[in-house]
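Participant: how would this look folded up:
(one chain, ligands or ions: 3)
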Amino acid sequence: MRPAMLRSEDRPMPRSDAQPDAQFDRQPGAGRRRSVDLSVYLVTDTEQCGGVDGVVRTVREAVPAGVTLVQLRDHHLSDDDFVALGRRLVDVLDGTGVPLLIDDRVHLVGPIGAQGAHVGQDDMPIDRARAMLGPDAILGLSTQTPGHVAAARAMGEQLVDYLGVGALHSTGTKPEAGDLGMATVASVVEVSPWPVCAIGGVKADDAAPLAAIGCDGMSVVSAICGQPDIAAATRRLVDAWSRATGVPATHTGHAEGNPVGQASPARQDPSASPNPSPDKAAR
Ligand SMILES: Cc1ncc(COP(=O)(O)OP(=O)(O)O)c(N)n1
Ligand SMILES: Cc1nc(C(=O)O)sc1CCOP(=O)(O)O
Ligand SMILES: [Mg+2]
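Facilitator: Ligands and ions are numbered 1, 2, ... in the order given. Below you'll find the model as predicted:
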């Protein structure tokens, strides 16, 4: 296991351009995009949560414990039931500063009142998703290879806000996602002009190595959903990420000064972290 605090020689190079204004993060060539706090990103699984009420309860308990972003992911609910669940999550997240993203069903972002969507390589193309969502919504894209990053860049760097890369480890939540391993995730981070979160079997022990390769966050399902103590499980991830990055954990359940969709002030200040992400766009 790696030490909790990274040695200086392990730390990635700091971003040279990280001077975001109040609402937007600017990366060279990437256009002016909203910055998103990917630190501990909860992706919901209705079955693991024990049903739709369990999803609502999980989000309600995880957000005050420090989750920074929530994605509603369910491949089985009808659109009507999905919208009903999404609206309940919007109510839970109201005033917390934590955005809600919608997996796959981009057309339901508006009816739910969510802040954006996440699409994969086999979903709606990012140019179409962006056109549907408008310029201010958050859009995430799944990538597995540097080639995927190059293809997304070729479509326009202003289209997406972040990448999800996985599966880091094989996972029962999505067995077909395989097992990329840390080196492949690092190869995607290396070429990405966007912030990157890792997904797939991610646990608290992954925080230090992920931070060391320049990842911007950990995206999890089963490390939170279905855990006997949702708040404690969330805090383990939040504290591990905080130790790995040196950025104090912000409990965004109390969202003063942290409007929806915006990285928390501590995370926007690169000097606050001994382990900021590398200047990916400058590579
Ligand atoms: C943060 C994050 N990363 C990756 C995924 C996977 O998206 P996708 O490849 O479209 O697969 P499904 O989730 O739709 O099964 C994600 N949802 N979130
Ligand atoms: C939704 C999803 N996408 C993946 C990808 O690799 O794209 S892995 C995954 C499931 C992640 O669940 P858990 O945290 O329980 O392993
Ligand atoms: Mg998808």
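Participant: from now on I want contacts and neighbour counts done on CA atoms only, so please keep to that.
Facilitator: OK.
Participant: for ligand 3, what are the nearby residues on the protein?
Facilitator: For the chain, the contact set with ligand 3 under CA under 5 Å from the ion comprises 104, 119, 120.
Participant: as a markdown table, these with distance to residue 160, pLDDT and neighbour count would be great.
Facilitator: What follows is the residues of the chain next to ligand 3, written out as a markdown table (distance: CA to CA, whole Å; pLDDT from 0 to 100; neighbours: other CA atoms under 10 Å):
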| residue | distance to residue 160 | pLDDT | neighbour count |
| --- | --- | --- | --- |
| 104 | 14 | 98 | 20 |
| 119 | 10 | 98 | 23 |
| 120 | 12 | 98 | 17 |
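Participant: for residue 123, helix, strand, or coil?
Facilitator: Under DSSP: H, G, I helix; E, B strand; the rest coil, residue 123 falls in the coil class.
Participant: tell me who's in contact with it.
Facilitator: For residue 123, the contacting residues are residue 104, taking CA atoms under 8 Å, 6 or more residues apart in numbering as the criterion.
Participant: quick thing: my sequence starts at 53, can you match it?
Facilitator: Got it, first residue is 53 now, which makes that one residue 175.
Participant: residue 272 and residue 95 touch, don't they?
Facilitator: Yes. Under the criterion of CA atoms under 8 Å, residue 272 makes contact with residue 95 at 5.9 Å.
Participant: give me the nearest residue to residue 285, chain neighbours excluded.
Facilitator: Of all residues not flanking residue 285 in the chain, residue 276 sits nearest, at 5.8 Å (CA to CA, 6 or more residues apart in numbering).
Participant: helix, strand or coil for that neighbour?
Facilitator: For residue 276, the secondary structure call by three-state DSSP comes out as coil.
Participant: contacting residues around it?
Facilitator: In this structure, residue 276 makes contact with 94, 110, 114, 282, 285, 286, judged by CA under 8 Å, 6+ apart.
Participant: give the buried residues for the helix or strand hosting the last one.
Facilitator: If you go by DSSP states H and E, residue 286 is part of helix 282-297. The neighbour-count check on helix 282-297 (16 or more other CA atoms under 10 Å) flags 282-283, 285-297 as buried.
Participant: same deal with stretch 164-182?
Facilitator: 164, 165, 166, 167, 168, 169, 170, 171, 172, 178, 181, 182.
Participant: spit out the contact partners of the first one.
Facilitator: This means residue 164. With contact set as CA under 8 Å, 6+ apart, residue 164 has these partners: 135, 136, 138, 139, 142.
Participant: tell me the pLDDT of it.
Facilitator: The predicted structure scores residue 164 at 98 on the pLDDT scale.
Participant: would you turn the buried residues of stretch 164-182 into JSON lines with distance to residue 104 and secondary structure?
Facilitator: Conversion of the buried residues of stretch 164-182 to JSON lines gives the following (distance: CA to CA, whole Å; DSSP: H, G, I helix; E, B strand; the rest coil):
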{"residue": "164", "distance to residue 104": "15", "secondary structure": "helix"}
{"residue": "165", "distance to residue 104": "18", "secondary structure": "coil"}
{"residue": "166", "distance to residue 104": "17", "secondary structure": "coil"}
{"residue": "167", "distance to residue 104": "20", "secondary structure": "coil"}
{"residue": "168", "distance to residue 104": "20", "secondary structure": "strand"}
{"residue": "169", "distance to residue 104": "19", "secondary structure": "strand"}
{"residue": "170", "distance to residue 104": "20", "secondary structure": "strand"}
{"residue": "171", "distance to residue 104": "22", "secondary structure": "strand"}
{"residue": "172", "distance to residue 104": "24", "secondary structure": "coil"}
{"residue": "178", "distance to residue 104": "29", "secondary structure": "helix"}
{"residue": "181", "distance to residue 104": "26", "secondary structure": "helix"}
{"residue": "182", "distance to residue 104": "28", "secondary structure": "helix"}
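Participant: from residue 154, how far off is the residue most central in space within the chain?
Facilitator: Centrality entry for the chain: nearest residue to the mean C-alpha point is residue 90, 3.6 Å, by CA atoms, centre = their mean. According to CA to CA, to the nearest Å, residue 90 stands 15 Å off from residue 154.
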